[in-house]
Each structure stands twice: as C-alpha cells, then as structure tokens.
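Engineer: need the 3D shape of this:
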Amino acid sequence: MGKFSAKTAIAIASLVLIWGVSWSIYKVALHYTPPILFAGMRSLFGGLLLALFLLPRRKQIHWRENWHRYTISALLNAVFFYGIQTVGLIYLPGGLFSVLVYFQPVLIGLFAWMWLGEKMTLLKLIGLAIGFLGILAVSADGLSGQVSLVGVLMALMTAVSWALGVIYVKKESGKVDSLWMVALQFIIGGTILTAIGTGVESWSDIVWNGSYLLGIGFGSSFGIPVAFVIYFTLINSGEASKVASFTFLVPLIAVATGTLFLHEPFTYSLLAGLVLIILSIYFVNRKSNRRKHQLPKKMTVTT
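Structural biologist: Alright, predicted model coming up:
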C-alpha cells in the first residue's frame, strides 16, 4: 500500500484511536439523551468549534459559489451519516455496529472507481465479494433474532452515506477550502438534525450527567472537528480507497472496548464477519503487480 511519513502515520494512528473509542462513549451517552438531538448537538458544536479557529481565513468560504457543495456534503456526512448512525446505535452493540459501518472502505473502493476514475483490479473485485460474505456473517445474528435486523440495515445505510460523502468531498476538493468544507458541513448538518430532533423528540428527556456531557464533549471536540480534519486531509492527499483502508482498525478497537468495558456480546458469527470484512478491505486496497488484472477505469459520472 506504499510507505507513509512519520507525520502521516501519527495522523492515521490518532484518527483510528479517536474513532475506535468513540463508539462506546456514544453508546453510553445515548442512555441519557434522545438520539437525533444528540447527533445534532455534537455535529453543530463540532462545526462551530472548528469554524472559530478558521475565522481568520473566512474569505475562503465563497458562499455564493459553494453553498450547494456545503449543503450536499452536510446531508451525506452529517444528516444521514450521524443521524442514522446515532439512531442505529440504540438497536445494536457499539462494536457490532462499527464493524458494519466500516464496510465503508470497501464501498469507497467501488465508488472511487465509478466516480473518481481510480483503478479497479481483480483483487478489488474479490475483496468486494469477500466483504459481502462478511456482511452476511455479521447479519446472521440479526436474521436469527439474536440482534436487531433494523440495526444491521441502519449500519449499512450509515456506511453507504459516509462512503458517498467521502467521494463527494474528494471530487469537489479542488473547488472549495477543505477545512471550511468540514466546518460548514457539520454546522449545516448539525442545525438540520437539531431542528428535526426538536420537532420529534423532547429536550426534557436529556439527562445532564457526566456520561452525557462526556459524549457531547468528546464528539464536538475530538470526534468531529479533530478527527474529520485529519481524515479529509488524508483523503485529499492520496487515493481515497487507500487511505480509507487503514480505518479497518477502528472496528477492532471498538469491539475490544465494547467487550471489555460494556460487556457487549462477542459471537462466532461476529468474529467471522469481522475477519472477512478485514480481508475484504485488504484485497480492495492491495496493489496488483499484474497489469492484466486491471480493469478499465469507469467513466466519470456527472449530474
């Protein structure tokens, strides 16, 4: 997959650690708050915090030219991604949910071929097939009633939304300031989610205890502004599918954290699915040394 500098390696390690522990933190916080309000508030606060640091370069926003890009990115990376994710965490253990969501790097490999013109190889196709088997293995508990099938479907919807959001940001990265894209997508998305939560949920249901404040505080500082600035900086600096592959470590941390500290169940089907999904990500992002295994680039689709 190529060598990375020490700075890049530290950035990837920090990102994986932040996202790995976040699942358990959010899972605990959701016991004390309605899900959509929780997703909206941490997205909004995270976006505002990043915007505060970016104020000296506010002229880079170019709102008239780019408002539609910020809005589309907000819908994919905040409203759908965090909204579906946060509700879905109610139905599944955090570790299992993260395993399904982190099928996203495999989807990025496919979408990057379709819309960014990145290479598609026979190994990537094999990886996609293995990843599908992994999803079936993880979903087995849902089909047997041991875990919520609704939760499984919501996790997969979260993965699709996130993958599309990453591809969109990568595709539009040359037209907008990348840091303002991150800030504004969460300000806009957080505002929409908070408005929806206000309409369908009750603010009085929030329990302002330490667990809830930890969830909001972690999400609006490390979980959103810090993590996504690192992530999209890495994505914009290299092939989207290759950078995304390193996030396969996140489910390992999430499953370990949930099992050790939250006593979440760890089944054989979850283990099998986790192994298959990791293998899938490896094959999708592994370089092929044979040109004959390379498939033609997909024509870029414009809408």
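
Engineer: and the gap between the closest residue in space to G223 that isn't next to it in sequence and K7?
Structural biologist: Spatial nearest neighbour of G223, chain neighbours left out: S22 (5.0 Å); criterion: C-beta to C-beta, 6 or more residues apart in numbering. C-betas here are computed from N, CA, C, even on glycine. Separation of S22 from K7 (C-beta to C-beta, to the nearest Å): 23 Å.

Engineer: give me the element the residue nearest the centre of the chain is part of.
Structural biologist: The residue lying closest to the centre of the chain (C-alpha atoms, centre = their mean) is W162, at 5.1 Å. Using DSSP states H and E, W162 sits in helix 149-172.

Engineer: and the next helix or strand after that helix, which residues are buried?
Structural biologist: The first helix or strand that comes after helix 149-172 along the chain, using DSSP H and E, is helix 178-200. Across helix 178-200, burial judged by 16 or more other C-beta atoms under 10 Å covers 178-194, 196-197.

Engineer: likewise stretch 16-36?
Structural biologist: Result for stretch 16-36 [16+ other C-beta under 10 Å]: buried residues 16, 18-30, 32-36.

Engineer: neighbours around S148, how many?
Structural biologist: Residue crowding around S148 was assessed by other C-beta atoms under 10 Å; the count is 18.

Engineer: that one reaches L89, doesn't it?
Structural biologist: No - the pair S148 / L89 is not scored as a contact, 10.8 Å apart, by C-beta atoms under 8 Å.

Engineer: please enumerate the helices of the stretch 1-150 of the chain.
Structural biologist: 6-29, 35-54, 63-74, 81-88, 94-101, 104-115, 122-143, 149-172 (DSSP state H, counting those that start in this stretch).

Engineer: tell me which residues of the third one come out buried.
Structural biologist: Yep, that's helix 63-74 we're talking about. 66, 69-74.

Engineer: tell me what that helix is packed against?
Structural biologist: With contacts taken as 3 or more C-beta pairs under 8 Å, 6 or more residues apart in numbering; DSSP states H and E, helix 63-74 sits against helix 149-172, helix 178-200.

Engineer: what mean pLDDT does the last one get?
Structural biologist: In this case it means helix 178-200. Model confidence over helix 178-200 averages 95 on the pLDDT scale.

Engineer: who does the helix or strand following it touch, helix- and strand-wise?
Structural biologist: Next helix or strand after helix 178-200 toward the C-terminus (DSSP H and E): helix 210-218. Counting contacts by 3+ C-beta pairs under 8 Å, 6+ apart, helix 210-218 is packed against helix 6-29, helix 35-54.

Engineer: wait, L50 touches A183, no?
Structural biologist: Yes - here L50 reaches A183: they are 4.2 Å apart, a contact under C-beta under 8 Å.

Engineer: which neighbours do these two share?
Structural biologist: P225 (C-beta atoms under 8 Å, 6 or more residues apart in numbering).

Engineer: can you add distance to F222 and mean pLDDT and give the helices and strands packed on helix 210-218 back as TSV?
Structural biologist: Below are those laid out as TSV (distance: least, C-beta to C-beta, whole Å; pLDDT from 0 to 100):
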stretch	distance to F222	mean pLDDT
helix 6-29	5	89
helix 35-54	9	96
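
Engineer: nearest to F218, of these?
Structural biologist: helix 6-29 (5.3 Å; C-beta to C-beta).

Engineer: contacts made by that closest one with the rest, please.
Structural biologist: 4, 38, 86, 89, 93-95, 97-98, 211-212, 214-216, 218-219, 222-223, 226-227, 230-231, 233-234, 246-247, 249-254, 257-258, 261-262.

Engineer: of the residues you listed, keep whichever come out buried.
Structural biologist: By neighbour count, with 16+ other C-beta under 10 Å, the contacts of helix 6-29 hold 4, 38, 86, 89, 93-95, 97-98, 212, 215-216, 218-219, 222-223, 226-227, 230-231, 233-234, 246-247, 249-254, 257-258 as buried.
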